[in-house]
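# what shape does this take:
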Amino acid sequence: MIAKFTPVLLFFGIVSCYNVRKHKDAKVPGNANDYLDYVLSLARPIIASSGLDPIFPLPEVTGTFENTILGVHWHGNVALYNGFLFGLSTLTRAGDATLEVVGFRMDFTGDVGLSNVQAGYRCHYDVQGVGDDADINVLIPYVSARFSSSTFLLNTTTTMNSFQILNIGSPQVTFQGFDGLDWVAEAIADIVLDNLGEEILEALESGISDILECIISVTSSDDPNLSIDSCVPVRNVKVIRRN
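Alright, predicted model coming up:
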């Protein structure tokens with residue numbers, strides 16, 4: 001059984017029973033950093049065990065590209081499949097968090113980050129009807145994001161207000177078995193990166209956001225029937241492989 005977090009109990013005990021009655025607002029930034037570290041320590045194994053790290057397979061993607069060289073118009077297509085994404089369980093605090101009480105509501109804001117996120121696809125591409133296959137690997141050195149939530153102190157229910165990506169480190173894209181022209185590789189890389197950005201955002205805004213929201217609710221409640229186990233999402237992953 002996961003024990004309720006001491007700094008939060010201290011926060012509720014001092015602020016809710018005393019300061020809230022005497023002041024409109026109250027902030028405890030020191031406790032906020034400790035609390036976010038604790039929440040993320042509970043979130044990481046849940047992320048890893050719930051199909052969010054790694055994510056496989058990623059949805060298949062198709063795209064087109066074109067270019068004009070010396071008056072000749074070139075066009076091509078690419079299909080991405082057997083995609084994977086891992087590194088989401090590296091989620092850690094990336095700056096100071098804040099806890100603020102407004103009336104009987106606790107607003108919590110924190111910056112978090114991912115490190116060394118790796119992804120890849122098998123791809124089939126063709127240019128002017130001539131095709132080939134290759135493997136694509138991507139290394140994203142870091143992803144930074146910010147979330148905010150509100151917990152209502154009277155019933156300790158939590159709502160995630162926002163979860164947004166702040167910055168994505170310059171990705172490194174490498175090809176294996178690729179014999180095409182440089183501009184073709186660049187066009188395919190752009191399609192890959194656009195899709196990966198959407199996949200990371202989806203994972204943060206839905207799966208990881210829901211996990212954090214649940215953990216904050218459970219750890220700030222004194223209800224003995226609530227458990228961290230309830231924060232594990234149900235995720236049906238169908239593994240599809242193509243040769």
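
# can you tell me how far Gln128 sits from Val138?
27 Å (CB to CB, to the nearest Å). C-beta coordinates here come from the backbone N, C-alpha and C atoms, glycine included.

# between these two, tell me which one has more neighbours.
For Gln128 and Val138, the more surrounded residue by other CB atoms under 10 Å is Val138, and the numbers stand at 19 against 10.

# which residues pair with that one across the strands?
Ala119, Val173 (DSSP bridges).

# can you show me the strands along this structure?
Ranges of strands in the chain, per DSSP state E, are 25-27, 55-58, 61-69, 72-86, 92-93, 98-102, 105-127, 130-152, 157-168, 172-176.

# now do the contacts for Asp133.
Residues in contact with Asp133 (CB atoms under 8 Å, 6 or more residues apart in numbering) are 122-125, 177.

# okay but Tyr125 is in contact with His75, surely?
No: using CB atoms under 8 Å as the test, Tyr125 is too far from His75 to be in contact (11.6 Å).

# among those two, which residue is more densely surrounded?
More crowded of Tyr125 and His75, by other CB under 10 Å: Tyr125, with 23 against 13.

# separation between the more buried one and Val61?
12 Å.

# shared neighbours of these two, anything?
With CB under 8 Å, 6+ apart, Tyr125 and Val61 have common neighbours Ala79.

# who's in contact with the residue nearest the centre of the chain?
Closest to where the C-alpha atoms of the chain average out (CA atoms, centre = their mean) is Leu204, at 2.9 Å. By CB under 8 Å, 6+ apart, the contact set of Leu204 is 88, 145, 163, 165.

# who wins for most neighbours among these?
Counting by other CB under 10 Å, top hit in the contacts of Leu204: Ala145 with 24 neighbours.

# if I look at the nearest residue to that one once chain neighbours are set aside, how far off is Pro224?
Distance criterion CB to CB, 6 or more residues apart in numbering; nearest residue to Ala145, sequence neighbours excluded, is Ile165 at 5.0 Å. When distance is defined by CB to CB, Ile165 is 37 Å away from Pro224.
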